[in-house]
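A.B. asks: Have a look at this prediction, sequence included:
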Amino acid sequence: MFHELVRLCLAGADPLAAVPEVLELIHPDHRRRYATVLAPDWHPGQATESNGAIWPCLGSAVWALRSTTSFEDALRAAIDVGGDTDTVAAVTGGLAGAYYGLDAIPSRWTEPLHVPLPGFGGRVLRLAELTDLAHRLDAGLG
């Protein structure tokens, strides 16, 4: 479901408007759980399970996107929820990044990025290489 929402965002769709359409892709046995946490009036405080579980995590991420107006604020809201904050923030970041775009991510967060590649002679990927990799992955998946 997350991947479908991100795909729709990258294609220019509003992820919040796409929720009902994406819910139809969920197996009927699980649809009710997702529909509950993705409802417009749902709040993470209503979760009946840890936000480390997939549906409350996705619900918390969509709530963070729905209740804020910027990439940075969405991430802050996701972290402020508490619980499994790294997972919720990662899912929120994926959705918010696809929705708001790379330029919405504060440069103070992207400039220090560096991802060492073990086994590649000390090669380190920085923002430009990571962006290129994301575009190549998107092209391969599309």
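C.D. replies: Structure received. Numbers count the residues shown, from 1 in each chain.
A.B. asks: What spatial separation is found between residue 101 and residue 25?
C.D. replies: From residue 101 over to residue 25 the distance is 25 Å, taken as CB to CB, to the nearest Å. Every residue, glycine included, has its C-beta placed from N, CA and C.
A.B. asks: How about residue 4?
C.D. replies: 6 Å.
A.B. asks: cool, and residue 16?
C.D. replies: 16 Å.
A.B. asks: These two: which has the busier surroundings?
C.D. replies: Using other CB atoms under 10 Å as the criterion, residue 16 and residue 25 rank with residue 16 on top: 16 against 10.
A.B. asks: How about that one: what's its closest non-neighbour residue?
C.D. replies: Distance criterion CB to CB, 6 or more residues apart in numbering; nearest residue to residue 16, sequence neighbours excluded, is residue 66 at 5.6 Å.
A.B. asks: Need the pLDDT of the one you found.
C.D. replies: Residue 66 is assigned 91 on the pLDDT scale.
A.B. asks: next one: residue 142
C.D. replies: Residue 142 is assigned 54 on the pLDDT scale.
A.B. asks: Same question for residue 6.
C.D. replies: At residue 6, pLDDT is 72.
A.B. asks: same deal with residue 3?
C.D. replies: 73.
A.B. asks: Could you do residue 95 as well?
C.D. replies: On pLDDT, residue 95 comes in at 89.
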